[in-house]
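A.B. asks: sequence and predicted structure below; questions after.
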Amino acid sequence: MALTVAPPLYLIGMKINCWQCDSRMPVVAILAPNVIDYEEDDDEEKTVFALSGIVEIPQDILAFIQKRVPTFQLRASHTAGYRYFANTCPQCHKIYGDFYLHCEPGGPFFPTSEQEAKLLYITEIPMTSEIEIKASPSSGLGELILAHGKRI
Ligand SMILES: [Zn+2]
């Protein structure tokens, strides 16, 4: 889905153990508090979306992310059935699929408490104007992460 996103944009992440080889690996995701023209319901409050299954992203944003986490790479996912920017293991190069990172309660991007949200770091991705990102937006946990993640 093509999303128009206005600043700010946040990179969130933490380190976990690879499901395949148990090596420590970084995982990241993007939080977008200003997705334009995308309303889940008519909340007065702005929804903070977490983006997963990122298919296309502007080059400068990608460069910012890959400078910090080079293992965030465009890869074919058999689970998802398409290519997206996935978190990959620096040791065994397997994908840690977005489904497991975003959709399993207690997973890195599915904190079930303030304590779990605090395990994530948050850093602002520099951008000055609206951009387009092709990804799946999910709502519900972005506010918790934005409120309690560790700002760096
Ligand atoms: Zn591994």
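C.D. replies: The structure has been received and is ready for your questions.
A.B. asks: can you report phi and psi for Arg24?
C.D. replies: phi -70, psi 140 (degrees, to the nearest 10).
A.B. asks: and the nearest residue to it once chain neighbours are set aside, bridged to which residues?
C.D. replies: Leaving out its chain neighbours, the residue that sits closest to Arg24 by Cβ to Cβ, 6 or more residues apart in numbering is Lys15, at 5.3 Å. The way it works is simple: take the backbone N, C-alpha and C, and place the C-beta from them, glycine included. Under the criterion DSSP bridges, Lys15 forms beta bridges with Pro26.
A.B. asks: and the gap between Cys103 and the ion?
C.D. replies: Counting by Cβ to the ion, to the nearest Å, the gap from Cys103 to the ion is 20 Å.
A.B. asks: ok, that residue - how many residues close by?
C.D. replies: Residue crowding around Cys103 was assessed by other Cβ atoms under 10 Å; the count is 13.
A.B. asks: thought it was touching Phe110?
C.D. replies: Yes. With contact defined as Cβ atoms under 8 Å, Cys103 counts as touching Phe110 (6.5 Å).
A.B. asks: need the overlap of contacts for the two.
C.D. replies: Residues touching both Cys103 and Phe110 by Cβ atoms under 8 Å, 6 or more residues apart in numbering: none at all.
A.B. asks: for the lowest-mean-pLDDT helix or strand in the chain, packing partners?
C.D. replies: Every helix and strand of the chain was ranked by mean pLDDT, DSSP states H and E. The lowest is strand 35-36, at a mean of 92. Applying 3 or more Cβ pairs under 8 Å, 6 or more residues apart in numbering; DSSP states H and E, one finds that strand 35-36 contacts strand 2-5.
A.B. asks: now do the strand it packs on, average pLDDT.
C.D. replies: What strand 2-5 shows for mean pLDDT is 96.
A.B. asks: partner strands of it, with direction?
C.D. replies: Checking strand 2-5 against DSSP bridges gives partners strand 35-36 (antiparallel), strand 131-138 (antiparallel).
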